[in-house]
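1. using only what follows, build the 3D model:
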Amino acid sequence: MEGYEQEDIQALMMIDKTIESLELRKKQKLYEWYQRTFATHVVYSDEGVRTAGIRPEQFMLEINEIERSIDKRIKICEIKDKYWKQFLETLESHERAYFFKKYKYGKKITNPRLDQLAYEELEEIEQAIEFHFTDKKVQAKKPIIIQGNFKQNMANILNVLESR
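-> The predicted structure follows:
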């Protein structure tokens, strides 16, 4: 198993800490943003001396963007945690103990079968997250059916182009 795969499994075993740190980071960012001053200040530029201040609408957009990006990362971690715990529940207790010993506590033990099983589960989790965050409209698009009839094919293609 490659090193990056082991790191990914280690990250899954400690994802609770990742979620906590993201929550803390979100609070810190919001605190930093709200501690900024809204007072105007003097700016020297090619245009001369002028006053400048924070634009409230820009300020709110930046706060919302930060909040949304951190919330999305938290949601991804929660989904990973949910699926990983479901995977661990399907294993026998000694197999579960292997993952805790190796990936959480750092013991130098090897079980290629379980490592491969974990890697396959990791790939499935990544696919589930990708599917979850893909635009639903893109997923629901009906495919164009191309058959032997040229006129019908052109009509199908034109209908698709007109609908865009």
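2. show the backbone phi and psi for H41.
-> Phi and psi for H41, reported as degrees, to the nearest 10, are phi -140, psi 160.
3. ok, the closest residue to it other than its chain neighbours - how many residues close by?
-> Closest residue in space to H41, ignoring its immediate chain neighbours: A52 at 6.1 Å, by CB to CB, 6 or more residues apart in numbering. (C-beta placed from N, C-alpha, C; glycine too.) Residues lying near A52 (other CB atoms under 10 Å) number 10.
4. make sure A52 is actually in contact with T40.
-> Yes: assessed by CB atoms under 8 Å, A52 is found in contact with T40 at 6.5 Å.
5. residues contacting the residue nearest to H41?
-> Listed by CB atoms under 8 Å, 6 or more residues apart in numbering, the contact partners of A52 are T40, H41, V42, V43.
6. what's the answer for L12, then?
-> The contact partners of L12, taken as CB under 8 Å, 6+ apart, are K80, D81, W84, Y103, L122, I125.
7. one more time with 6 Å
-> By CB atoms under 6 Å, 6 or more residues apart in numbering, the contact list for L12 reads W84.
8. and E32, by the same measure?
-> Per CB under 6 Å, 6+ apart, neighbours of E32: none.
9. that'll do, ta.
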